[in-house]
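[1] need a 3D model of the following:
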Amino acid sequence: MRLILFLIIILSSFKIIGQSFNREKVLNVVEILSADSLEGREIGTAGSKLAQNIIVSWFKEHKLAAFNTLPDYRQDFKFRGSNGTNLLGYLKGKKDPDKYLVITAHYDHEGIKNGKIYNGADDNASGCALVYGLGKMLTQLETRRKNIILVFLDEEETGHAGSLAFANWVKAQEFDVHSVHTADEVGWDQDQDRNIELELPTPYLTSLYRKHAKPFDIKLYKTKTTGSDHREFREAGFQTVGITEEYKNGDGNPHHHMPSDTFEKVDYQFLAFTTYLVFKVVEGVLSE
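    Numbers count the residues shown, from 1 in each chain. As a prediction, the model looks like this:
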């Protein structure tokens, strides 16, 4: 009954606000990025470059603008002898053109090991699907006062190099950033409780997420987990929150960093719910 109530609220809410949330398309994003043809999206590989081209096509589909200094939405960087590529585009704000809100997910994964493809469906094609879904809805949001930067980060798996490079770039541009929201592993909910973890959230962002989660009677756990890109943004001084499944509270994905992390195991109802919750938070921020 609780699950049915969740789905009714989510689906009716999407219809009421008039946003284009296509469940099948978001599901398809996970399937595309975790396909064997991308060979685990390891940095510097043909599979990674294929993923980059797919993501750029999404930016063009959403009609996101590219920054003048980053042709074709690409921020290339070097880290410890390897070359990485972040992908970013933005939607222009309608009232506050000097303020930015940032939403990110990393698209890289572990590649091929011992002849087995590590597809990375939950980690982190699910987070990429969340960002894709938000982009689809935010393009149609009339109350969009601030600029929105959507970022697909590289090299999370090898030391958060992509988030470091992007954070440094943002600071060099002297952007006025309201907050950064990172999604990493949002496709597993075996106990079906819809609970979410907020990683290293600031008190302000904790209050925002709790406000919008309250109608659903779910738990939002605060954790001090530092294992993903949110850490680099917090250390760079940004208001930041990491959004993930119950990694520390008893319902973590047992297929994490294994070749069994495949498309068929992703919980798309949980992914849709989490996408909607983040959308409601972002919608509130953009209308301030």
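[2] list the buried residues of stretch 244-251.
    Of the residues in stretch 244-251, those buried by neighbour count under the rule 16 or more other CB atoms under 10 Å are 244, 245, 246, 247, 251. No exception for glycine: its C-beta is placed from N, CA and C like everyone else's.
[3] ditto for stretch 62-73
    Of the residues in stretch 62-73, those scored as buried under the neighbour-count criterion (16+ other CB under 10 Å) are 62, 64, 66, 73.
[4] okay, residue 10: pLDDT?
    Model confidence at residue 10, expressed as pLDDT, equals 48.
[5] correction: residue 204
    Note for residue 204: predicted pLDDT of 96.
[6] how about it: what's its closest non-neighbour residue?
    With CB to CB, 6 or more residues apart in numbering as the measure, residue 239 is the residue that lies nearest to residue 204, at 6.2 Å, once sequence neighbours are left out.
[7] so residue 243 bridges to which residues?
    With DSSP bridges as the criterion, residue 243 is bridged to residue 183, residue 198.
[8] contacts only, for it.
    If a contact means CB atoms under 8 Å, 6 or more residues apart in numbering, then residue 243 has 130, 181, 182, 183, 184, 186, 196, 197, 198, 199, 274, 278 as its contacts.
[9] how much space separates it from residue 190?
    Taking CB to CB, to the nearest Å as the criterion, residue 243 is separated from residue 190 by 18 Å.
[10] ok, back up a step: redo the buried residues of stretch 244-251 as JSON lines? Include secondary structure.
    Supplementary listing: those in JSON lines, determined by DSSP: H, G, I helix; E, B strand; the rest coil:
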{"residue": "244", "secondary structure": "strand"}
{"residue": "245", "secondary structure": "coil"}
{"residue": "246", "secondary structure": "coil"}
{"residue": "247", "secondary structure": "coil"}
{"residue": "251", "secondary structure": "coil"}
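[11] many thanks, have a good one.
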